[in-house]
Structures are given as structure tokens and as C-alpha cells.
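Visitor: I would like the atomic coordinates for the input below:
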Amino acid sequence: MTDQSVFVLGEGFHALEPTAFETEAEFQELLARHPRVLDFGSLADGQPLRLVLVAREMGVATSAESGPTYWLDHLFVDADGVPTLVEVKRATDTRIRREVVGQMLDYAANGARYWPAALLQRSFEETCAADGRSVEEAYAELLGEQSPEDFWTTVEERLAAGQMRLLFVADRIPLELRAIVEFLNRQMRQTDVYAVELTQYRGGGDLRVLVPRIHGEVATAAKSPTGRRGSQRTTRTDMDAALRDHLTPDLRRAASELLDHATSMGRLEGGTAKYPSMSAHYRAGDRQVPIWTLSLHDSEKTELGFSFASITHHLGLDVAAAFADSLPAVGELKAKLEVQPEKGYKGWPTVPLTDLASEPGAVTRVLTAIQELVEGQDSSASASA
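Guide: Below you'll find the predicted structure:
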């Protein structure tokens, strides 16, 4: 891009000169306060994108047993529940050429695994509080008719399916990064990758102009329509068909027990990932709490994941600890449950359905644990009434 001045006509004639951002922190603060400079594209219904900040310096864990290892500059989300991961670099930072790409892919891969819905919801609400913004007002603009729990579950599902945007933002995008972005965007079917060159012009006083230039849109438009994300949710009919077509009778029986219990005692919600999935929400006291998600990734990998972060967020550590103690410690689940206390019961431990189905009574113990959790909250609510 040229370094030519920009001229503003209004009550006078103003010449604005291209000016570098003094620090990366200044650059990051600008994006956090004014995300509209990144609002290119539109929602599924054609409405403007309107990104909303979930958190600055969003922690990224690399295992269910660890705390944050990395820190993403910004995590945004739109009203469709599509997460947008943003890394900011000034042109003077040599990492803008190649290192930042590996960094971003680390964040995307691990965020997809270790950002449960409850963590995302808590981060967003804490950001609202820190900014002095009403959570109710923020949700009114973002959610429409959805509940916060349903919305953040959708965000979690999109992450797990790789349905996200990756944005590299800098005041100057080098050719090396632009080439990598366009290559990744052509190859990644579920994930959109962009480089945003944000040039700043300053004039007299506080007058400032920001000019974004987007790289990667051509590659995005060229993607096959069948590879792009959809908003079609898995129905119970879809799930039953997938179980029938891909699972053995024992696994199908175990999955059906879980789904039938959620249908009769709670509420099932279909996922929007490219593979069939359904989440179970149960009313515990006065709250609808996501408890588990059943995901049929392929014919060899069907797993049940427990949303401990949601349980802890809604019902507290003691309830989450009691629930963990009640679950059957079978197969891979045993080791994952053992590390939950030191991690504050904020993980997403999963267990292959084969482990549950092969252990006599294991599925029954899962359902009993859920029943005890729900009834315990109902008793507490009645006692306090």
C-alpha cells in the first residue's frame, strides 16, 4: 500500500498522515473497543456481522489437566455463534511473517478442545463487567430468542467442528503472510482465514482514520459450498439413523438409554457440527444445566463428554465434585476424573461409548448420577423456599 496522505473535507480541509501504532497494547485496545473495524462479511441471514468481544488475552490450555499455556489476543463471537480468533502484530514485529501462523493454529486447535461453553460464557460476562456494560444489555443485542446457555453451547459445538474465523491483524501485512493465509483458506473447509491490514491516519487534535484492507476473501469465496458451515441442527431422528447405521447393537442400546433419559427427564438439543451430536440439558433447581454431549464422530469414535465447567459454573464446586464421584470410573474416564479436583472441576472429560457399553451397569450409573444431581438441587430449592 502507498503511504500517501488521506484528506478529509468537512468544516475545513484536513490532511491525515499514515502513522504507526506506538505499541501493540494500543493496537489491541483499539480492536477491543472498536471491533466494527473487523466487521466484514455477514451473518447467515444476511445481517451485518457485528462481532462482540468475549475476552482479551483468552487463556488456551493444551490438555484437560493443565491451566492456560498460551494467551490469544482477542476472542470475538457473532450472533450465529461463530467464534473469531484474532492475533495482533505490528509490522515491526518479525513474528508477523511465519511464527504467528503456527501460534494461531495452536490456539485454534486447543481452543476447539478446551474451551467449554461455561468457560466462554463466564469469560464474556466477566468482560462485560470489566467494561462496565450490563450483561442483560449485551445479551439482548447478541442472542435474539436464545438463552445464554443455548448460545454458548452452539459456540462450543462450532469450535469442536472447526467452524471459526482466524484473523491475523497488523498495520502492514507482508506478502509471506498473505500467501500463507490464502493457501490455508483454500485448504481449510470449515475454517475461514483472513489477514486484516489496518492502516492508521492521524491529523490535528484527536482526528484519526482507520482503513482496513482484507486479504483472503477471494479464497473464501472459492470454497466449495458443501464444505462451508451450516446451521442445520442434528435431530433425534438424525441421531437414531446415525446410531442404526454406524454402531453395534450394544453401543446403540447404550446411546439410546442416554438419549431416552434426556428426552423424558430433561431436554435434548442437536449440535450443528458436521458429525451428528446431541447435548442433554437438565433442570437443576431453577436452572437449565448442560450435563453431557454425545458425539458420533465416525463409525469408530462415539464419545460421551461431561460438561463439568457448566455444572461448576451453575451449581458450584461441591455439586460438581459429588457428580464426579458418582460417575463410573471406567476406561479413559477414570484418569480424567482423577485430575478434575486440582483443575477446579472446569474440564470436559470424555469417555468412548465402547468403554461404557462394555462395563455392566455403567450407563445406569451415569443416569443415576444425573438423577441424584437434579434431585439434590430440587431439594435445596424446596428447603430455601
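Visitor: could you pull out the strands for the stretch 1-150 of the chain?
Guide: In the stretch 1-150 of the chain, the strands defined using DSSP state E, counting those that start in this stretch lie at 6-10, 12-18, 52-61, 68-77, 83-89.
Visitor: for residue 307, find the nearest of those.
Guide: When those are compared by CB to CB, strand 52-61 sits nearest residue 307, at 15.6 Å. Just so you know, the C-beta spots here come from the backbone N, C-alpha and C atoms, and that holds for glycine as well.
Visitor: need the CA coordinates for the closest one. PDB is fine.
Guide: Output of strand 52-61 as PDB, limited to C-alpha atoms (Å, rounded to 0.1, in the frame of the first residue of the first chain):
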ATOM      1  CA  VAL A  52     -18.800  -9.000  20.100                       C
ATOM      2  CA  LEU A  53     -15.700  -9.300  22.400                       C
ATOM      3  CA  VAL A  54     -15.700 -12.500  24.500                       C
ATOM      4  CA  ALA A  55     -12.300 -11.800  26.100                       C
ATOM      5  CA  ARG A  56      -8.900 -10.200  25.700                       C
ATOM      6  CA  GLU A  57      -5.900 -12.400  26.500                       C
ATOM      7  CA  MET A  58      -8.100 -15.600  26.400                       C
ATOM      8  CA  GLY A  59      -6.200 -18.400  28.100                       C
ATOM      9  CA  VAL A  60      -5.600 -21.500  25.900                       C
ATOM     10  CA  ALA A  61      -4.900 -24.800  27.600                       C
END
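Visitor: mind checking the SS state of residue 168?
Guide: Taking DSSP: H, G, I helix; E, B strand; the rest coil as the rule, one finds residue 168 in the strand state.
Visitor: what bits of the stretch 251-385 of the chain have low per-residue confidence?
Guide: Where the stretch 251-385 of the chain drops to pLDDT under 70, the residues are 272-274, 298-300, 378-385.
Visitor: for this structure, just list every one of the helices.
Guide: 24-33, 99-114, 117-130, 135-143, 148-160, 175-187, 217-221, 236-246, 249-265, 308-315, 317-326, 331-338, 353-358, 362-384 (DSSP state H).
Visitor: could I get the strands of the stretch 1-150 of the chain in JSON lines, plus columns for mean pLDDT and distance to residue 100?
Guide: Compiled in JSON lines, the strands of the stretch 1-150 of the chain are given as follows (pLDDT from 0 to 100; distance: least, CB to CB, whole Å):
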{"stretch": "strand 6-10", "mean pLDDT": "71", "distance to residue 100": "28"}
{"stretch": "strand 12-18", "mean pLDDT": "76", "distance to residue 100": "22"}
{"stretch": "strand 52-61", "mean pLDDT": "92", "distance to residue 100": "14"}
{"stretch": "strand 68-77", "mean pLDDT": "92", "distance to residue 100": "10"}
{"stretch": "strand 83-89", "mean pLDDT": "93", "distance to residue 100": "6"}
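Visitor: and the ones you listed, which is most packed in?
Guide: strand 83-89 (a mean of 24; mean count of other CB atoms under 10 Å).
Visitor: paired strands for it, with orientation please.
Guide: strand 68-77 (antiparallel), strand 165-170 (parallel) (DSSP bridges).
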